[in-house]
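# sequence below, structure please.
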Amino acid sequence: MTENNFRQLLENYITGQISASEQEELFKLLDDDVHQKQLELMMKDDWDNGHYEEKENAQLAKLIEQQVLNKIQGQESKLVPFSSNRKTVWLRVSAAAAVILMVATTAIFFLRQNNRQVAVSNIKDSVVNDIPPGSNKAILTLADGRTIVLDSASNGTLAQQGGIKVIKIGAQLSYNGHNNSTEVLYNTISTPKGGMYQIELADGSKAWLNAASSLKYPNAFTGDNRTVELTGEGYFEIANNAKKPFHVKVNDMDITVLGTHFDVNSYADEVSVKTTLLEGKVLVKNPANQVILNPGQQANVNGSKIQVNNHVDTDEVIAWKNGYFSFKDADLKTVMRQLSRWYNIEVIYETDNNETFSGKIDSKLSLKDLLDGLGETVHYRIEAGNKLVILK
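Prediction:
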């Protein structure tokens, strides 16, 4: 293919004038090392000839880059399947994604060379109406009522309670030292919508809090047990201590463990409280019933009833901790409940959508990129005030 023909395909793609057959041809070319190199040389030649020196081009480059990213991530690829009612939609995350920036930069040159006016305001509209993903954010409330915003606090010792130091390193909170007091001092760590955080407790146990969650715990474990209180969702890796069982309290439910890895999902807008065991053994009980879970099992507590799921996908359950969303035949509202917590959005439905979704998506994507990745079955509008409207 000649350079002029290649440029023409790129221009048609950027301006939205590309036909289905041309788009298929372009994506095949971009997956080819030879044409990636050709694009790189074109960009270098344009740069060497001084086509990027004007200040306004830098802003335009960023806008076009975002638009190209949005388009490409809504196209097919052979890496990450995301299905809707068993019809697979492919997220394009391979070679084309790797050359997004080159495409965007090159686009400026050929759009200018051809005297074409780009509707910057239209591009801006498609970029501004987006919401970034969640991040490591939390607030620590100390026993004396003081609060510390952890995401803006500096690394190091944040407080000292008796002989216990509260230490922040990166996105993790930890407790070190020896308790010099007989008084039990309770701290609470809370994540907002769009936040998550990790904490290492005084006994060495670790907990990860999902968005819109909280954990109340003592700064040091005394007595014959270790007890914490959870709202929302948390993943736990408990330090083994047979003489001092670990308890997670959720409302009137108690989860008793010795040394184990498990997830508890207790969001108020979910149908039931789910405890999923990955390693070890736990006892889940409420005032009416109790069950012992083995690895790979999940207890669903709804009122006084406890049901055990023996075929749970544990990777799907802890996907949030590992940086992605994972769905298996999930309906739209199930998907949106997770997105509403991570992106801190209010979801408004203008339609009843009966589609189901299966697959994995990176939780570091912006909301628009993620929604575009769900395919053509989800029509939406992002409004001011962090509102997501699901359209007919």
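# what about Ala365, which SS state?
No Ala there; residue 365 is Leu. Of the three states, Leu365 takes coil under DSSP: H, G, I helix; E, B strand; the rest coil.
# so the nearest residue to Ala171 once chain neighbours are set aside bridges to which residues?
Leaving aside its chain neighbours, Ala171 sits nearest to Asn136 (3.7 Å; criterion: CB to CB, 6 or more residues apart in numbering). Where you see a C-beta, it was placed from the backbone N, CA and C, and this is true even at glycine. Legend: beta-bridge partners of Asn136 under DSSP bridges are Met196.
# quick check: Asn136 touching Gly194?
No - contact criterion CB atoms under 8 Å: Asn136 and Gly194 do not qualify, at 10.5 Å.
# what about Ser19, distance to Gly134?
38 Å (CB to CB, to the nearest Å).
# per-residue pLDDT of Val264, please?
Turning to Val264, the model gives it a pLDDT of 97.
# where are the low-confidence patches of the protein?
1, 10-18, 20, 27, 30-33, 35-128, 375 (pLDDT under 70).
# can you pull out the helices in it?
Under the criterion DSSP state H, the chain contains helices at 3-15, 20-30, 33-48, 55-72, 95-98, 100-113, 120-128, 314-317, 332-343, 367-373.
# now do the nearest residue to Thr227 once chain neighbours are set aside: how many residues are near it, please.
Using CB to CB, 6+ apart and skipping the chain neighbours, the partner closest in space to Thr227 is His247 (4.3 Å). Residues lying near His247 (other CB atoms under 10 Å) number 14.
# for Leu140, list each beta-bridge partner.
Beta-bridge partners of Leu140, as defined by DSSP bridges: Ile148, Ile189.
# and Ile390, how far from Tyr324?
With CB to CB as the criterion, Ile390 and Tyr324 are 22 Å apart.
# swap that for Asp331, sorry
Distance from Asp331 to Tyr324, by CB to CB: 19 Å.
# check Asn5 too.
With CB to CB as the criterion, Asn5 and Tyr324 are 38 Å apart.
# who does the longest strand seen in the chain pair up with?
The longest strand of the chain (DSSP state E) is strand 226-237. Partner strands and pairing direction for strand 226-237 (DSSP bridges) are strand 206-209 (antiparallel), strand 213-218 (antiparallel), strand 246-250 (parallel), strand 261-266 (antiparallel).
# how about these in JSON lines, adding distance to Gly232?
As requested, the strands paired with strand 226-237 are exported to JSON lines (distance: least, CB to CB, whole Å):
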{"stretch": "strand 206-209", "distance to Gly232": "7"}
{"stretch": "strand 213-218", "distance to Gly232": "3"}
{"stretch": "strand 246-250", "distance to Gly232": "10"}
{"stretch": "strand 261-266", "distance to Gly232": "6"}
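# Asp144: which of the ones you listed is closest?
Proximity to Asp144 (CB to CB) singles out strand 213-218 among the strands paired with strand 226-237, at 14.2 Å.
# what's that closest one in contact with?
In this structure, residues lying in contact with strand 213-218 by CB atoms under 8 Å, 6 or more residues apart in numbering are 184-191, 199, 201-202, 207, 209, 227-234.
# and with 7 Å instead?
For strand 213-218, contacts defined as CB atoms under 7 Å, 6 or more residues apart in numbering pick out 184-191, 199, 201, 207, 209, 228-234.
# give me the buried subset of those residues.
Buried members of the contacts of strand 213-218, scored by 16 or more other CB atoms under 10 Å, are 187-191, 199, 201, 207, 209, 228, 230-234.
# most widely separated two among those residues?
By the measure CB to CB, Asn187 and Glu233 form the most distant pair in these, at 19.1 Å.
# what are the phi and psi angles of the residue most central in space within the chain?
The centroid of the chain falls nearest to Ser363 when counting by CA atoms, centre = their mean (2.7 Å). Main-chain dihedrals, Ser363, degrees, to the nearest 10: phi -80, psi 0.
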